[in-house]
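S.K.: Fold the following and give me the result.
(chains A and B)
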Number of protein chains: 2
Amino acid sequence: MENRFRLGAMLAQVAPLRHSPAGIPVLEVVLTHESWQHENGARYLAKFTLPAKIIGTDATAWQHRQGTRVRVGGFLVQSGRNNPRPMLHIQDIQEDKVE
Amino acid sequence: MENRFRLGAMLAQVAPLRHSPAGIPVLEVVLTHESWQHENGARYLAKFTLPAKIIGTDATAWQHRQGTRVRVGGFLVQSGRNNPRPMLHIQDIQEDKVE
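M.R.: Take a look at the predicted model:
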């Protein structure tokens, strides 16, 4: 089943890097997004905040990049067993060099 | 700024059709999703529930389709001014006829 999300966002918050019990680097971040979208013939201001997680080598690479504009891709999951709020598991991330 | 989400899901809940003040049909639904994803060389069970909204002719067409497997595309927004939880604005929807 498809579960694919592509987003331009601000890396608004970056938590300290931690490691899983198996020693894998994990970085928890918060993304903020604001864009104009088109819906039913009208413009719509899409704004939201989304918790996200980076696992593996990218976690180490992005630990000091708070405040960077990024383009990310990944899949949504539930934040926690008792927290239905969606979280993005980032699978690819690059800086969004907007001139 | 990119904000594109494609998802296979179950149309788990469908609220009664309503109309905006301008008379546009609006359908509020809840999507549930469960799929195996690959992350950092391992399998990950992605499960979540996501509120969503359909605006316009599709809202009327899907008002009686609770329990249908669907494939949707759209963009994420914040559910409400004081509700940071993301909601999907569905821009295209079709039945997912899985044999």
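
S.K.: backbone phi and psi for the most far-flung residue of chain A relative to its centre, please?
M.R.: Note on chain A: the largest C-alpha distance from the chain mean falls to A:G41, namely 28.7 Å (Cα atoms, centre = their mean). Here is the backbone geometry of A:G41 (degrees, to the nearest 10): phi 80, psi 10.

S.K.: and what of A:A61?
M.R.: Main-chain torsions, A:A61, degrees, to the nearest 10: phi -70, psi -30.

S.K.: and the residue nearest to A:T57 when sequence neighbours are not counted, what does it touch?
M.R.: Nearest in space to A:T57, with sequence neighbours left out and distances taken as Cβ to Cβ, 6 or more residues apart in numbering or on different chains, is A:P25 at 7.2 Å. C-betas here are computed from N, CA, C, even on glycine. Neighbouring residues of A:P25 by Cβ atoms under 8 Å, 6 or more residues apart in numbering or on different chains: A:L17, A:R18, A:H19, A:I55, A:G56, A:T57, A:A59, A:T60.

S.K.: residue boundaries of the helices in chain A?
M.R.: Per DSSP state H, chain A carries helices over the ranges A:57-61.

S.K.: Write out the residues of it neighbouring chain B.
M.R.: Residues of chain A lying close to chain B (Cβ under 8 Å from any Cβ of the partner chain) are A:1-9, A:24, A:33-35, A:37, A:39-40, A:44, A:46-50, A:55-56, A:71, A:75-78, A:84-86, A:89, A:91, A:96.

S.K.: Specify the beta-bridge partners of A:Y44.
M.R.: Listed by DSSP bridges, the beta-bridge partners for A:Y44 are A:Q37.
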